[in-house]
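In: coords please:
(2 chains, ligands or ions: 4)
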Amino acid sequence: MFESLSDRLQAVFQKLGGKGKLTEEDVREAMKQVRIALLEADVNLKVVREFVARVTEKAVGEEVTKSLTPAQQVIKIVHQELIDLLGQANVPLAEARPGPTIIMLIGLQGSGKTTTAAKLALWLRKKGKRPLLVAADIYRPAAITQLESLGRQLGIPVHSEGAQSRPPDIARNAVRRARDESITHVIIDTAGRLQIDEPLMVELEQINAAVEPVERLLVVDAMIGQEAVRVAEEFNRRVGLTGIIFTKIDGDARGGAALSVRAVTGVPIKFLGSGEKVEASTIEPFHPDRLASRILGMGDVLSLIERA
Amino acid sequence: GLFGQIASLFATDEPITDELWDDLEALLIQADVGVETTMYLVNRTKDRCNRYGVKRAREARDMLKAEMVRVLQEQERRQPVNANPSIVLVVGVNGAGKTTLIAKLAYRLKNQFGKRVLLAAGDTFRAAATEQLETWAERVGVPVISRGQGADPGAVVYDAIEAVSGGDFDVLIIDTAGRLHAKTNLMLELQKLRNIIRRKFPDAPHEVLLVIDATTGQNGVLQAKSFLKAVDVTDVAVTKLDGTAKGGIAFAIAQDIERPIRYVGTGEKMTDLALFDAETFVESLFAQD
Ligand SMILES: Nc1nc2c(ncn2[C@@H]2O[C@H](COP(=O)(O)OP(=O)(O)OP(=O)(O)O)[C@@H](O)[C@H]2O)c(=O)[nH]1
Ligand SMILES: Nc1nc2c(ncn2[C@@H]2O[C@H](COP(=O)(O)OP(=O)(O)OP(=O)(O)O)[C@@H](O)[C@H]2O)c(=O)[nH]1
Ligand SMILES: [Mg+2]
Ligand SMILES: [Mg+2]
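Out: Numbering: from 1, shown residues only, chains lettered A, B, ... in the order given. Ligands and ions are numbered 1, 2, ... in the order given. Alright, predicted model coming up:
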């Protein structure tokens, strides 16, 4: 359904032939296509508007170099601007000193928190760490069983107290246990919640206050639409996000929401998750350039620019 | 809210301007209606306003609402199939709300219509998916067929089909593992499940329900198209409408796959279910808040 942005741009510029300079009109015409493609990739409308204005300003009057067509030149600028918005480099996971490093995973219902908790634990163990998973979702039917089952599957300990204890207490007890058992990383799986659910947002603040996690990571489904920004802003306001994890990137979502969330909140994207099989440790540190290409829908953008 | 902003946009007797149309376009896009469907809605409304000589914003509002309702209603509601047992297959991407929706449907069928409902735990893949459905089944008070994690989902479906063959149940609702529509092998697996059902009940499944999360963006259209192609989706359910996302993707889906939206999920309890009604939906989108 979505023809790729690079195809669109090529088509727009094909008509222009061998001009020496990009005129304002040429660029504006091309940016109409960029605007639609970004919106179809679920980039937030306000972010799109600012982005289009910035790229237009940069591209107008740009000398067309011999090695690039006008289209390639604009693609290059768009790509570079996307990377700027997504953050230049990977921001690694923080380490608490002294340990343990406490990581809290939060987000909307079904975004992938529990699965991501398990993946993250495995990823840490592969780095020689000793993670502990904490079952702090006392609401969803069988949420605790789900985490316990994942822990058993991976051979990673799970702290759970059933559904009778309060989540802040569960978290506090887990951290105490971690100190006793020389655990290096405590990963708290919380219940999914809407950012407008006041009692559950208060609960989140209580867990946060109880154990003061150095990492407060928002887990976001890559298929999310324009809502992403409101979600991220509200979770950020309540507990101060330190990072974002995008999940389900093994689908065909363009992931424009990632761009919006980073652009609006300034919170870095730390990991991308893919696949349902936790054993495969399908979580990887985030690299802005790859997502920029994905949003543009052009696998060849990197090679295109390398040739420049 | 967004649609509240639309309402106030049109709550004036000022003349219609180009700016009004631009603002409308922006608001629809921010509600995930999608560029194509947004342009369609805006242009249709604009045309009708011109045709009928509508000059004031307030009158344009009703034109817009009518167009929105029309997009959602275009596909006439299919007559419910009168089968006994009636077999419902529930499909969708990971985490959309399938299992919870099944609990809500079972609750409704049992308590409102006195139906004898059987559930089948066809998600044998995700950790504790079976336990989740079993917990719900217990709360609703209906039996569930399961084989636990790692079992062949086909075997679960087979067991369930056998179980409803004796005439002890009116409705069978089959839960399936969440799957991303772009994964061909997983989509083929759904077809296999359907074939198993059809060996005994050739006209089944009587309903193939696609579950879409209201916070989904434009990927929702791709989801709908792929599931439609793979297993002939008959109806759509939109879940998590209790959030601030307005589920604008519903318009794009209704327009693109021409399947009626049948249910909406509005919370995590088994009573949080509503039947979809296009006019009520559009009206609620316009509610000032
Ligand atoms: N394909 C794919 N599926 C994923 C990924 N991450 C999670 N899932 C699936 O998404 C669904 C929801 O994942 P969960 O980990 O249960 O999500 P959650 O955020 O803990 O859900 P709640 O606790 O109900 O809020 C499950 O079916 C997972 O298998 C991913 O990266 N790729
Ligand atoms: N707020 C809200 N949450 C919902 C709604 N429907 C489901 N949920 C929540 O969304 C999460 C995922 O729901 P499930 O029913 O497990 O989704 P699923 O599609 O079966 O997930 P998988 O089987 O893992 O693919 C759970 O935390 C549910 O409680 C709804 O209408 N509103
Ligand atoms: Mg969970
Ligand atoms: Mg399920």
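In: Can you tell me the SS state at the closest residue to residue B:155 other than its chain neighbours?
Out: Nearest residue to residue B:155, sequence neighbours excluded (CB to CB, 6 or more residues apart in numbering or on different chains): residue B:147, at 6.0 Å. Using the backbone N, CA and C atoms, a C-beta is placed for each residue, glycine as well. Secondary structure assignment for residue B:147 (DSSP: H, G, I helix; E, B strand; the rest coil): coil.
In: how far away is residue B:166 from residue B:118?
Out: Distance of residue B:166 to residue B:118, given as CB to CB, to the nearest Å: 11 Å.
In: lowest-confidence helix or strand of chain A?
Out: Lowest by mean pLDDT, DSSP states H and E among the helices and strands of chain A is helix A:301-306, with a mean of 50.
In: give me the low-pLDDT residue ranges for the stretch 151-289 of chain B?
Out: Within the stretch 151-289 of chain B, the stretches with pLDDT under 70 are B:288-289.
In: per-residue pLDDT, the residue nearest the centre of chain A?
Out: In chain A, the residue lying closest to the centroid (CA atoms, centre = their mean) is residue A:246, at 3.5 Å. On the pLDDT scale, residue A:246 is placed at 95.
In: Shouldn't it be within a strand?
Out: Yes. Judged by three-state DSSP, residue A:246 forms part of a strand.
In: follow-up on the earlier one: is it correct that the residue nearest to residue B:155 is in contact with residue B:156?
Out: Yes. Between residue B:147 and residue B:156 there is a contact under CB atoms under 8 Å: 5.1 Å.
In: Next, show the common contact partners of the two.
Out: Jointly contacting residue B:147 and residue B:156 under the rule CB atoms under 8 Å, 6 or more residues apart in numbering or on different chains are B:121, B:124.
In: neighbour-wise, which of the two wins?
Out: A side-by-side neighbour count of residue B:147 and residue B:156, using other CB atoms under 10 Å in any protein chain shown, places residue B:156 first with 26 against 17.
In: my guess is that one meets residue B:120, correct?
Out: Yes. Contact criterion CB under 8 Å: residue B:156 and residue B:120 qualify, at 5.7 Å.
In: Identify the contacts common to the two.
Out: B:145, B:146.
In: Can you get me a residue count around residue B:258?
Out: Neighbours around residue B:258, by other CB under 10 Å: 12.
In: cool, residue A:210 as well?
Out: The tally of other residues near residue A:210 (other CB under 10 Å) stands at 17.
In: dump the residue contacts of the residue nearest to the centre of chain A.
Out: A:220, A:221, A:222, A:255, A:257, A:258, A:269, A:271, A:272, A:273, A:286.
In: Repeat that for residue A:149.
Out: If you count contacts by CB under 8 Å, 6+ apart, then residue A:149 has B:127, B:128, B:149 around it.
In: what about it, which helix or strand?
Out: Here residue A:149, judged by DSSP states H and E, is contained in helix A:143-154.
In: Just list what the following helix or strand past that helix packs against, helices and strands only.
Out: Next in sequence after helix A:143-154, counting helices and strands by DSSP H and E, comes strand A:158-159. Contact partners of strand A:158-159 among helices and strands, from 3 or more CB pairs under 8 Å, 6 or more residues apart in numbering or on different chains; DSSP states H and E: strand A:131-136, helix A:143-154, helix A:167-180.
In: Pick the most deeply packed of those.
Out: Of these, the one with the most neighbours on average (mean count of other CB atoms under 10 Å in any protein chain shown) is strand A:131-136, at a mean of 27.
In: That strand relative to helix A:143-154, how many degrees between them?
Out: Interaxial angle, strand A:131-136 versus helix A:143-154 (axes from the mean of the first three to the mean of the last three CA atoms, to 10 degrees): 160 degrees.
In: leaving aside the residues next to it on the chain, what's closest to residue B:270?
Out: Closest to residue B:270 by CB to CB, 6+ apart is residue B:107, at 4.3 Å.
In: What of residue A:247?
Out: residue A:112 is the one closest to residue A:247 (CB to CB, 6+ apart), at 3.5 Å.
In: Let me know the secondary structure of the residue in the stretch 1-150 of chain A that ligand 3 sits nearest to.
Out: Nearest to ligand 3 in the stretch 1-150 of chain A, going by CB to the ion, is residue A:114, at a distance of 3.3 Å. The three-state label given to residue A:114 by three-state DSSP is helix.
In: show me what contacts it?
Out: Counted by CB under 8 Å, 6+ apart, residue A:114 has contacts A:137, A:143, A:146, A:147, A:150, A:189.
In: Could you report the neighbour count for the last one?
Out: If you count neighbours by other CB under 10 Å, residue A:189 ends up with 29.
In: Checking my notes, it in a strand, right?
Out: Yes. Counting by three-state DSSP, residue A:189 is part of a strand.
In: and the closest residue to it other than its chain neighbours, what is it in contact with?
Out: If the residues on either side of it in the chain are set aside, residue A:189 comes closest to residue A:117, at 4.3 Å by CB to CB, 6+ apart. By CB under 8 Å, 6+ apart, the contact set of residue A:117 is A:105, A:133, A:147, A:150, A:187, A:188, A:189.
In: Let me see the ranges of the strands in chain A.
Out: Counting by DSSP state E, chain A has strands at residues A:101-106, A:131-136, A:158-159, A:185-190, A:215-221, A:243-247, A:269-273, A:283-285.
In: Columns distance to ligand 4 on top of these, output as TSV?
Out: Putting these into TSV (distance: least, CB to the ion, whole Å) gives the following:
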stretch	distance to ligand 4
strand A:101-106	19
strand A:131-136	18
strand A:158-159	21
strand A:185-190	17
strand A:215-221	15
strand A:243-247	16
strand A:269-273	18
strand A:283-285	21
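In: how about the ones you listed in JSON lines, adding distance to residue B:80?
Out: Listed next are the strands of chain A as JSON lines, based on distance: least, CB to CB, whole Å:
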{"stretch": "strand A:101-106", "distance to residue B:80": "41"}
{"stretch": "strand A:131-136", "distance to residue B:80": "41"}
{"stretch": "strand A:158-159", "distance to residue B:80": "45"}
{"stretch": "strand A:185-190", "distance to residue B:80": "40"}
{"stretch": "strand A:215-221", "distance to residue B:80": "32"}
{"stretch": "strand A:243-247", "distance to residue B:80": "36"}
{"stretch": "strand A:269-273", "distance to residue B:80": "40"}
{"stretch": "strand A:283-285", "distance to residue B:80": "44"}
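In: Switch those over to a markdown table; also include distance to ligand 1.
Out: What follows is those, written out as a markdown table (distance: least, CB to the nearest ligand atom, whole Å):
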| stretch | distance to ligand 1 |
| --- | --- |
| strand A:101-106 | 8 |
| strand A:131-136 | 10 |
| strand A:158-159 | 14 |
| strand A:185-190 | 7 |
| strand A:215-221 | 6 |
| strand A:243-247 | 4 |
| strand A:269-273 | 4 |
| strand A:283-285 | 8 |
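In: wait, which of those is closest to residue B:252?
Out: Residue B:252 lies closest, by CB to CB, to one member of these: strand A:215-221, at 17.7 Å.
In: Off-centre distance for that closest one?
Out: Centroid separation for strand A:215-221 versus its chain: 8 Å, with CA atoms, centre = their mean, to the nearest Å.
In: Could you check the angle it makes with strand A:185-190?
Out: Using the same axes, to 10 degrees: strand A:215-221 against strand A:185-190 is 50 degrees.
In: Help me see whether strand A:215-221 makes contact with chain B, please.
Out: Yes. Strand A:215-221 reaches chain B (CB under 8 Å from any CB of the partner chain) through residue A:221.
In: Each with direction, which strands does that strand pair with?
Out: strand A:101-106 (parallel), strand A:243-247 (parallel) (DSSP bridges).
In: residue ranges of the strands in chain B, please?
Out: B:86-92, B:117-122, B:144-145, B:171-176, B:207-213, B:235-239, B:261-265, B:273-275.
In: Now those in CSV, please, with extra columns for mean neighbour count.
Out: Shown next, in CSV, are the strands of chain B (neighbours: other CB atoms under 10 Å in any protein chain shown):
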stretch, mean neighbour count
strand B:86-92, 26
strand B:117-122, 28
strand B:144-145, 23
strand B:171-176, 27
strand B:207-213, 26
strand B:235-239, 26
strand B:261-265, 22
strand B:273-275, 14
